[in-house]
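Student: Fold the following for me, if possible:
(one chain, ligands or ions: 1)
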Amino acid sequence: MRRLLIYLFSLTGMFSYYRKRQKSPIVLFWHDIADDANAAIEGESFPTDLFRKQLAYLEKHYEIISMDEYYKRYINHSFTNHEVVITFDDGYKNNLLVAAPILKEKNIPFAIFVSANNIEEQKRFYVSIPRLIIIGAKLNVVDIPMMSFHRVLKSDAERIQCANDIEYTIKFFSHEDAIKVSEYLISIVGKPKYEELCAIYSNGNLLTWQDVITLANDYDCTIGSHCMDHCICHEKQDQNLVESQIVESKELIEERTGLKCDYFAYPNGNYTEFSNSIVEKNYKMGFSTERNSVYAKSRACVGRIAASSSFLLFKYNITMGAKQFR
Ligand SMILES: [Zn+2]
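Tutor: Sure thing, here's the model as predicted:
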């Protein structure tokens with residue numbers, strides 16, 4: 001129903017009307033771009049034809065600028081409100097293999113926020129483990145004593161629901177407990193099976209440090225931080241941990257690549273006053289996943305819009321999201 005209304009809305013020329021009256025520049029974010037993704041396990045993946053279509057739309061209607069240019073205009077209050085910045089979260093290998101060549105072909109700048117320790121150790125994000133194990137290994141029962149969680153699974157639909165429920169729940173655990181749950185899930189199937197699943201569902205593979213250097217040198221790519229271990233900086237998280245995740249990730253990225261790491265994006269978009277104070281001290285800018293106007297909050301948690309996998313919603317979210325920004 002909502003889509004039908006948006007579709008009818010798009011026919012009236014309202015996108016064009018509101019686009020001209022936008023009140024804020026936009027920072028968009030994607031995760032990975034791949035044509036062979038499994039929708040249930042690698043659900044944040046976008047196919048290349050859709051990505052190309054989105055880029056063509058942005059090129060036609062907006063000014064696509066680099067992160068440094070965005071920061072410059074932010075400081076100088078010189079936005080035209082027709083700017084778009086393209087960003088990717090996490091640091092997937094296919095950002096280099098698939099997305100970067102497409103962006104280079106079009107001379108489009110972009111930024112990638114990498115989770116430093118995941119790159120260092122080439123380990124998957126704990127939030128992605130429930131999907132990989134439960135759906136990938138077709139578990140018939142999930143028993144996690146530390147969560148008092150028990151569920152019998154009879155279909156793929158139930159496995160998807162179960163994996164999503166666990167993923168959502170552990171995002172708000174302490175970082176330590178969330179890691180314990182993901183490690184426990186891996187132990188259920190055993191390391192060899194886990195590695196076999198990683199090889200099958202390879203779109204979750206991460207960049208190496210050499211890949212990060214290649215992106216910065218051979219492409220118009222800015223490298224930012226996404227914490228050390230994709231730690232979600234919510235209220236209940238230990239403050240010392242949050243501080244070290246934000247500060248040490250910058251240090252590790254700079255040490256391994258020789259690049260300056262001036263920008264930060266919060267995993268899952270969550271931030272606190274405390275985390276913002278650390279980001280402000282250590283970075284030029286930080287980004288959340290809220291749809292705020294560029295100056296609505298501090299420079300530590302500037303809003304971003306998630307790229308939608310529906311092209312119609314993609315256009316709607318950009319146009320109307322920005323229109324609502326004040
Ligand atoms: Zn992330």
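Student: CA-only coordinates of the lengthiest helix in the chain in PDB, if you can.
Tutor: Longest helix in the chain by number of residues, with DSSP state H as the criterion: helix 239-257. Extracted in PDB, the C-alpha atoms of helix 239-257 (Å, rounded to 0.1, in the frame of the first residue of the first chain):
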ATOM      1  CA  GLN A 239      32.600   3.300  28.300                       C
ATOM      2  CA  ASN A 240      36.200   2.200  28.300                       C
ATOM      3  CA  LEU A 241      35.400  -0.300  25.600                       C
ATOM      4  CA  VAL A 242      33.600   2.300  23.500                       C
ATOM      5  CA  GLU A 243      36.500   4.700  23.900                       C
ATOM      6  CA  SER A 244      39.100   2.100  22.900                       C
ATOM      7  CA  GLN A 245      37.000   0.900  19.900                       C
ATOM      8  CA  ILE A 246      36.700   4.400  18.500                       C
ATOM      9  CA  VAL A 247      40.300   5.500  19.200                       C
ATOM     10  CA  GLU A 248      42.300   2.300  18.600                       C
ATOM     11  CA  SER A 249      40.500   1.600  15.300                       C
ATOM     12  CA  LYS A 250      41.800   5.000  14.000                       C
ATOM     13  CA  GLU A 251      45.300   4.200  15.200                       C
ATOM     14  CA  LEU A 252      45.300   0.700  13.600                       C
ATOM     15  CA  ILE A 253      44.000   1.900  10.300                       C
ATOM     16  CA  GLU A 254      46.600   4.700  10.200                       C
ATOM     17  CA  GLU A 255      49.400   2.300  11.300                       C
ATOM     18  CA  ARG A 256      48.600  -0.400   8.700                       C
ATOM     19  CA  THR A 257      47.900   1.900   5.800                       C
END
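Student: contacting residues around that helix?
Tutor: 114-117, 119-120, 175, 209, 212-213, 216, 223, 225-229, 231, 233, 259-261, 264, 272, 274-275, 278-279, 282-283 (C-beta atoms under 8 Å, 6 or more residues apart in numbering). Backbone N, C-alpha and C define where each C-beta goes, glycine included.
Student: again with stretch 207-220
Tutor: Against stretch 207-220 from outside (C-beta under 8 Å, 6+ apart): 66, 91-93, 95-96, 100, 103-104, 107-110, 112, 114, 119-120, 122, 221-223, 253, 256-259.
Student: do stretch 165-177 as well
Tutor: Under the criterion C-beta under 8 Å, 6+ apart, residues 126-128, 130-131, 134, 142, 144, 146-147, 149, 178, 181-182, 185, 229, 231-232, 234, 236-238, 241, 245, 268 lie in contact with stretch 165-177.
Student: before we move on, the earlier item: mind checking which of the contacts of stretch 207-220 land in helices?
Tutor: Residues from the contacts of stretch 207-220 lying in helices, with DSSP H as the criterion: 93, 100, 103-104, 119-120, 253, 256-257.
Student: The ion: which of these is nearest?
Tutor: Distances from the ion to these, taken as C-beta to the ion, are shortest for Ile119 (12.7 Å).
Student: which stretches of the stretch 1-150 of the chain have low pLDDT?
Tutor: 1, 9, 11-12 (pLDDT under 70).
Student: can you give me the helices in it?
Tutor: Listed in chain order, the helices of the stretch 1-150 of the chain (DSSP state H, counting those that start in this stretch) span 2-11, 14-19, 48-61, 67-76, 93-94, 100-105, 116-121, 129-130.
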